[in-house]
Structures are given as C-alpha cells and as structure tokens.
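# model the following, please.
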Amino acid sequence: MLNIEFSKTINASPAVVRELLLDHANLGLFFNAKYELVKAQDHNELPGGVGAIRRLTMRGSIFLEQIFVAGDQHIAYQITGKGPVTNHRGDIYLTSNGVATNLEYTIKCTAPWWQPDWLVALVIKHDIGKGLDNIVQHFALVSEQPQ
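Sure thing, here's the model as predicted:
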C-alpha cells in the first residue's frame, strides 16, 4: 500500500480552497487531467460535494472518482470501479492558520502488480504536486491583484 503525503500553504480561506477543489469542471485548469462531472452531489450537500462522481481522463486512463466527505475542513474521495490503481482513497484537510490555509493531502492506494511502487508513487507525486503548486500560484496571483 502506497501512502503519499502533500503539504501546502495556500493564500486563501479554507472555504475558498474547498470551493475550488469541488469545482470539478475547472480542476483541469490546475491538474493535468480532464475532469467531467458525471453525477451531481446528493440532495442538500455542498456543490460538488458528497455523492458527486467525476470522470477523469489522465495519462491515457479513464476512471471515476466519488466524493464521500465534503466539508469546510475535510474532503475525501475514492476511485470507484476500475482505475489505474486499486484501494484508492484521497483525504484533503484544510485548516486556517489565520491568514492562509494549510492543506494536508494524503493519497493511499495499491499499485498494479506489474508496476513498481516507487514508480507509481513518483508519478502521483509529480502530477498532484504540480497541480497543488498551480493552485498555490493561482491564489498568490489573485492576492497580488490591486484592489
């Protein structure tokens, strides 16, 4: 089982970061993947939140992810059905440090038997790390705009 962790500080409130991360149609602006909302969130849930299912096209793979926790401080999702990895779960924790948001992101999954764990971890770290860096840069640029 792989356990991959990311930690970032983002110059925005946790609610704003959560809203961006649940805006499935626009996640492709930050991550190198195509996202398509297949099923909207369950009744009375946050937009893009619990119950939402998105189709990802990434590195030649097409798979589904479902959101099963979505709140101001925690988002959790998992791959449903066939995916490039198995036993996948992503947990994102958002906490305010008073002026920005601390994001802690953990991905747990199992690599296919025919791929080395270190290679799968390297690819995930590269892809997700770059996407998170893009989000950090986005909010750095937004905060530099004149009022």
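# what residue is smack in the middle of this structure?
residue 21 (6.2 Å; CA atoms, centre = their mean).
# was I right about it contacting residue 27?
Yes: between residue 21 and residue 27 there is a contact under CB atoms under 8 Å: 7.5 Å. To be clear about C-beta, it is placed using only N, CA and C from the backbone, and glycine gets the same treatment.
# quick one, strands of the protein?
2-10, 34-39, 53-58, 61-70, 74-80, 86-96, 101-110 (DSSP state E).
# what's the closest of the ones you listed to residue 133?
Comparison of the strands of the chain against residue 133 by CB to CB identifies strand 2-10 as nearest, at 7.8 Å.
# direction included, what does the closest one pair up with?
strand 101-110 (antiparallel) (DSSP bridges).
# now the strand it pairs with against strand 74-80, angle please.
20 degrees (axes from the mean of the first three to the mean of the last three CA atoms, to 10 degrees).
# buried sites along strand 101-110?
In terms of neighbour count (16 or more other CB atoms under 10 Å), strand 101-110 has its buried residues at 101, 103, 105, 107-109.
# over to stretch 119-139?
By neighbour count on 16+ other CB under 10 Å, the buried set for stretch 119-139 is 120-121, 123-124, 128, 131-132, 135-136, 138-139.
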